[in-house]
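*Asks:* Return a 3D structure for these sequence lines:
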Amino acid sequence: MDEKKMTARLLREHGRTYAEEAGIRLRNTPAPLYQLLMFTVLCSVRIKAEIAVAAARELFKAGFRSPGKMAGSDWQARVDALGRAHYVRYDESTATALGDGAELVLDRWHGDLRKLRDEADGDIGKLRKLLQEVPRIGPVGADIFCREAQAIWPELRPYFDQRARKVAASLGLPRDPAALGDLAPGKAMARLASALVRVGLSKETAKELKAA
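*Replies:* Got it, this is the predicted structure:
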């Protein structure tokens, strides 16, 4: 299968972003940007992606959709929401990290992550470092946030982290981010990056695509 056909199949069958799956309508406004940050925190431990998605949905259902709501919430209510999603082992520490992170976002960026973007001033390395000031978020978490946020923050494009590039190469696609971006221009880059990550998490899907 040639590169264009493989890319089209990836986008068609696996191109739903994780933000979409978690119920985040990603726009360049404070609430959805914070929700993406929350989801990033949830993904920043050794836990299955589907459980992190379920945890985000439970937290949103509980009303914790903004840093103000999260910071003002009861710690036990956060633990309970995570428990309903079977987010086990890390529920208590993550509840604490979410509360502390919300306080940081309010204090440092007045609840608006567009101010974090402004502070980075187009420097992706600096933006990644700023993201890692949020409790629980490390290099992998920064990759997750940037991979999704490139849909609305064009300066991040093309953002294909090491995991996505490795899968791309295994499927006969370019490993170079710019070349991958050429296959899925604009906002579609976020969808292709998510598709590659999803394939990397499923041996069966990867095997099927390699045989195509």
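
*Asks:* Could I have the CA atoms of the longest helix anywhere in the chain written out in CSV?
*Replies:* Scanning the chain for the helix with the most residues, using DSSP state H, yields helix 91-109. Extracted C-alpha coordinates of helix 91-109, given in CSV (Å, rounded to 0.1, in the frame of the first residue of the first chain):
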residue,chain,number,x,y,z
ASP,A,91,-6.7,7.8,42.0
GLU,A,92,-5.7,9.6,45.2
SER,A,93,-2.4,11.0,43.9
THR,A,94,-4.0,12.1,40.7
ALA,A,95,-6.8,13.8,42.6
THR,A,96,-4.2,15.7,44.4
ALA,A,97,-2.2,16.5,41.2
LEU,A,98,-5.4,17.8,39.5
GLY,A,99,-6.2,20.1,42.4
ASP,A,100,-2.6,21.4,42.6
GLY,A,101,-2.5,21.8,38.8
ALA,A,102,-5.7,23.8,38.7
GLU,A,103,-4.3,26.2,41.4
LEU,A,104,-1.1,26.6,39.3
VAL,A,105,-3.1,27.4,36.1
LEU,A,106,-5.2,29.9,38.0
ASP,A,107,-2.2,31.6,39.7
ARG,A,108,0.3,31.5,36.8
TRP,A,109,-1.9,31.9,33.8
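
*Asks:* what is the mean pLDDT for the helix or strand that that helix is followed by?
*Replies:* Counting by DSSP states H and E, the element after helix 91-109 in chain order, helix or strand, is helix 113-120. Helix 113-120 shows an average pLDDT of 98 in the prediction.

*Asks:* Report the contact partners of L42.
*Replies:* Shown in contact with L42 (Cβ atoms under 8 Å, 6 or more residues apart in numbering): A52, A55, A56, Y87, T94. No exception for glycine: its C-beta is placed from N, CA and C like everyone else's.

*Asks:* Please enumerate the helices of the chain.
*Replies:* Taking DSSP H to define them, one finds helices in the chain at 3-14, 18-21, 30-43, 49-61, 67-71, 75-84, 91-109, 113-120, 124-131, 139-149, 162-170, 177-183, 188-200, 203-211.

*Asks:* which one of the ones you listed lies closest to L156?
*Replies:* L156 lies closest, by Cβ to Cβ, to one member of the helices of the chain: helix 139-149, at 5.2 Å.

*Asks:* and that closest one, what other elements does it pack with?
*Replies:* With contacts taken as 3 or more Cβ pairs under 8 Å, 6 or more residues apart in numbering; DSSP states H and E, helix 139-149 sits against helix 18-21, helix 30-43, helix 124-131, helix 162-170, helix 188-200.

*Asks:* May I see these organised as TSV, with distance to G141 added?
*Replies:* Output for the helices and strands packed on helix 139-149, formatted as TSV (distance: least, Cβ to Cβ, whole Å):
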stretch	distance to G141
helix 18-21	12
helix 30-43	5
helix 124-131	7
helix 162-170	13
helix 188-200	14
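
*Asks:* Quick one: closest of the ones you listed to A102.
*Replies:* Of the helices and strands packed on helix 139-149, nearest to A102 by Cβ to Cβ is helix 30-43, at 7.9 Å.

*Asks:* Tell me which helix or strand in the protein has the weakest average pLDDT.
*Replies:* Ranking every helix and strand in the chain by mean pLDDT, DSSP states H and E puts helix 203-211 at the bottom, with a mean of 90.
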